[in-house]
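Visitor: Kindly return the folded structure for what I paste below:
(chains A, B, C and D)
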There are 2 protein chains.
Amino acid sequence: MTSTRPLRADAARNRELLLAAAADEFAERGLDASVADIARRAGVGKGTVFRHFASKDDLIAAIVLDRVDALNTIGERLLDAADPGAALLEFLAAAAHQRQQRDLSFLQEAGELTADVKSVRTRMFDIVHALVDRAREHGAVRTDVTGADIVLLMCAPNYVTTYVPDAPPDLWRRYLAIIFDGLRPEGAHPLPHPPPPTR
Amino acid sequence: MTSTRPLRADAARNRELLLAAAADEFAERGLDASVADIARRAGVGKGTVFRHFASKDDLIAAIVLDRVDALNTIGERLLDAADPGAALLEFLAAAAHQRQQRDLSFLQEAGELTADVKSVRTRMFDIVHALVDRAREHGAVRTDVTGADIVLLMCAPNYVTTYVPDAPPDLWRRYLAIIFDGLRPEGAHPLPHPPPPTR
DNA sequence: CAACAAACGGACCGGGCGGTCAACTTGCTA
DNA sequence: TAGCAAGTTGACCGCCCGGTCCGTTTGTTG
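Guide: Down below sits the predicted model:
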């Protein structure tokens, strides 16, 4: 355990400024927004970025960690909701709400991951699987979809809206509704391909 | 009209090699695969790339044009199919089949587009709208989805599979089926957000 | 308030990118 | 088959990126 003494006041403030600026910049310009731009947006020098985060990937990982962790907290709370179908829907809404798809792609793409990131990811998978299992048992979701399916479909609502310029901020709700209707048992047609492994 | 005299034999061959190599490279590595890699894969020098295409964007545009055009041809053929619901599904399958989502994102993102690209795009929108209208009138698709919705959802099946490493090549069929079930009238729940404008 | 470590900032570096160019090769045609 | 335009090539250019480094500033502590 690296017993780390508390940050100096200005350093702590800058760290938060950086995280916020980076999140904004990534949301606007995608993951290849430049470190220099992020620093400028936060009002600090570029060197400061690397004082707080070992590399750009490290900065991204810090953001992802925060957000997936927040999502996990929501998910865990929903695990004993009265209506499992509504709980799953709410979880997916929460995921879409904070443009989670970039986080997800980072979680998958990044070659080797920190232990932190790995653990938060498997925890998320577990939660999704549990939510889906409960919803399925409750008859709220068709019997042939798995947790792995939902993990993949999770960021689709947000993704499709990236194609419309100046999209209204909650257009994703429309596509989440359509996709969720496709997950319901009513009117389900058999699926032509087996699900991917759980991993 | 630039009345262009026919290409020399080796030049024509190299052009095809380049288009094929670029399509492969873009499919594997995404749109920021380097021009140098594309040239190497095609077995030509880097300068040759720029003799055939004014810029990297121009090369991308040429590929997109080809593929969207091919898709349009399929779409037009499907316009007078016996079963409009099946026709729409088949169109979406054709779109997913050739990893159309990168094309789509280029069509939308690229700031200013060639007249060619613009025309092929509006033609595609028209075709999708016609397919959807027919399917809706036939009762194969819920009444509250529009052509614009389908244009957006078109590449989602492919997109979601990009997250699974070593995905089986037609895993997208599974997610197309789920999404298409969400488009059917049976068991449709009202949508919480109006559709985006047609443009 | 003195003094020191912690934090900061921006010039700087190496590398890879898209794109250019001039010397060289090659397919076509008379 | 001779000659030339069309085509090819890879070294080269300028640019921007992630990351480093060290002289300077600043919060903290006794």
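Visitor: and the helix or strand harbouring A:Asp69, C-alpha only, in CSV?
Guide: Secondary structure here is read from DSSP states H and E; on that basis A:Asp69 sits in helix A:56-78. The C-alpha trace of helix A:56-78 is given here as CSV (Å, rounded to 0.1, in the frame of the first residue of the first chain):
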residue,chain,number,x,y,z
LYS,A,56,-3.0,9.8,-21.4
ASP,A,57,-4.4,6.3,-21.1
ASP,A,58,-4.0,6.7,-17.4
LEU,A,59,-6.1,9.8,-17.5
ILE,A,60,-8.8,8.1,-19.5
ALA,A,61,-8.7,5.1,-17.1
ALA,A,62,-9.3,7.4,-14.1
ILE,A,63,-12.4,8.9,-15.8
VAL,A,64,-13.7,5.5,-16.8
LEU,A,65,-13.1,4.1,-13.4
ASP,A,66,-15.1,6.9,-11.8
ARG,A,67,-18.1,6.5,-14.2
VAL,A,68,-18.3,2.8,-14.3
ASP,A,69,-18.1,2.8,-10.5
ALA,A,70,-21.0,5.2,-10.3
LEU,A,71,-22.9,3.1,-12.7
ASN,A,72,-22.2,0.0,-10.7
THR,A,73,-23.5,1.7,-7.6
ILE,A,74,-26.8,2.4,-9.4
GLY,A,75,-26.9,-1.1,-10.6
GLU,A,76,-26.4,-2.6,-7.2
ARG,A,77,-29.2,-0.5,-5.8
LEU,A,78,-31.5,-1.8,-8.6
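Visitor: Give the other helices and strands that that helix contacts.
Guide: Here helix A:56-78 is seen to pack against helix A:9-29, helix A:35-42, helix A:84-97, helix A:101-109, helix A:115-137 when contacts are counted using 3 or more C-beta pairs under 8 Å, 6 or more residues apart in numbering or on different chains; DSSP states H and E. (Each C-beta comes from the backbone N, C-alpha and C, glycine too.)
Visitor: Quick check: mean pLDDT of that helix?
Guide: For helix A:56-78, mean pLDDT is 95.
Visitor: now stretch A:148-160
Guide: In this model, stretch A:148-160 carries a mean pLDDT of 93.
Visitor: any bit of it sitting next to chain B?
Guide: Yes - contact check for stretch A:148-160 against chain B, using C-beta under 8 Å from any C-beta of the partner chain: residues in range are A:Asp149, A:Val151, A:Leu152, A:Leu153, A:Cys155, A:Ala156, A:Tyr159, A:Val160.
Visitor: residues in contact with the fourth one?
Guide: The one in question is A:Leu153. For A:Leu153, the contact set (C-beta atoms under 8 Å, 6 or more residues apart in numbering or on different chains) comprises A:Ile179, A:Leu183, B:Val160, B:Tyr175, B:Ile178.
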